[in-house]
Structure formats: C-alpha cells, structure tokens
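In: Quick one: sequence plus predicted model below, questions after.
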Amino acid sequence: MNLPSPVTAYIGLGSNLQNPAAQLECALQALRKQPGILMVKASSFYRSKAVGPGDQPDYVNAAVQLETTLSPIGLLDALQSIENTQGRVRGEIRWVARTLDLDLLLYGDQTIQHSRLQVPHPRMTERAFVLKPLLELAPTLRLPDGQALKPHLDACAGDDVSLLPNGSTDTWP
C-alpha cells in the first residue's frame, strides 16, 4: 500500500483569550501529537492589535511549518478539532475574540477553492501578524502563483506587531 507523499503546509496561530501564549503552547503540543502531521518548526510569538469589532485584547500570533500526509480538508478538520478542544466557539460574527484560531495558510503549492477552505488564506498577504511569523520560518517563501511574501509584509509596515519576549507565557499581562 502506498502512503501519500508528505506536503509542506504552513499554519497561522492566534489567540487573545484565556492566557493567549499558553493557548498557543497547548496548540503546538496538540499539533505534535496529531496523526499525519510532523511539525518541522514553529516561529516566535508576536503580539498584535486585534482586528475586528469592539475593544478586544491584543492577540498572540505565531506560525508553524509542518509536513502532513493529510488532505487539505483532513488537515482543516484536525485544526478545527484542536480549536474546539481548546474552547473555540464559532459564531456568526467574524473577527471576535477567541481562545484559539488555527488557519491553514499554505498547502504545498496548491491553490484551493472549496466551500470550507480557501488556500492560500484569502487575507494572509494583508496581515503583518501572519506574515512576520511566517517569514521568520521561511524568509524566501512564495505564494503558489510565485509572488514573494516579503513585499506584502513591507506594505503592512504600519501594523503594530511586536516580538513577544521569549515567547513566554509569563510575559503576558
């Protein structure tokens, strides 16, 4: 029986509730234990202002590079299962505070249009809190269409995203 060839995928992580840095650490542990996923490396943690309605707490964001034998939808299901385990509540309002957000940013060099999934992630090139950790992992990373990501980060220069010292949970207020 032939096993599927591993695909390199990149995941964006974010949290702004219930000790966000600890939420990300827990998500990293869950990813390491997930069948069909080999975590290659994780970025540092970054602090960013919330995007969305109301006066939300700041986010902690990171990115992960992994190798997976899961299909894109299988990987999405695994990510949503981890989110649910960590108390993610999905509602009709977008961009609200959350315990954990795991976004499938890139899946190999594939472009995916599915009712449940769009890859590359549709807004990743507009968000420094996605691009900074992603480019820390892979400074020369390109989109499936060949576009370099670095110019997109340069265009987000005004966004307030800062490195969280040591990625440590005890640096979070």
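Out: Noted; the coordinates are in hand.
In: What's the end-to-end length of stretch 148-162?
Out: Chord length of stretch 148-162, first to last residue, is 22 Å (CA to CA, to the nearest Å).
In: what helix or strand is residue 132 on?
Out: Assigned by DSSP states H and E, residue 132 belongs to helix 128-137.
In: list the contacts for residue 79?
Out: Neighbouring residues of residue 79 by CB atoms under 8 Å, 6 or more residues apart in numbering: 11, 102, 103, 104. Any C-beta I mention is one placed from the backbone N, CA and C, and that applies to glycine too.
In: What's the local residue count around the residue nearest to the third one when sequence neighbours are not counted?
Out: What that stands for is residue 103. Among residues not flanking residue 103 along the chain, residue 12 sits closest, at 4.2 Å (CB to CB, 6 or more residues apart in numbering). Neighbourhood size, residue 12 [other CB atoms under 10 Å]: 23.
In: Figure out the helix or strand that residue 12 lives in.
Out: For residue 12, the element it lies in under DSSP H and E is strand 7-15.
In: ok but residue 29 is inside a helix, no?
Out: Yes: judged by DSSP: H, G, I helix; E, B strand; the rest coil, residue 29 forms part of a helix.
In: of all the contacts of residue 79, which two lie farthest apart?
Out: 102 and 104 (7.7 Å; CB to CB).
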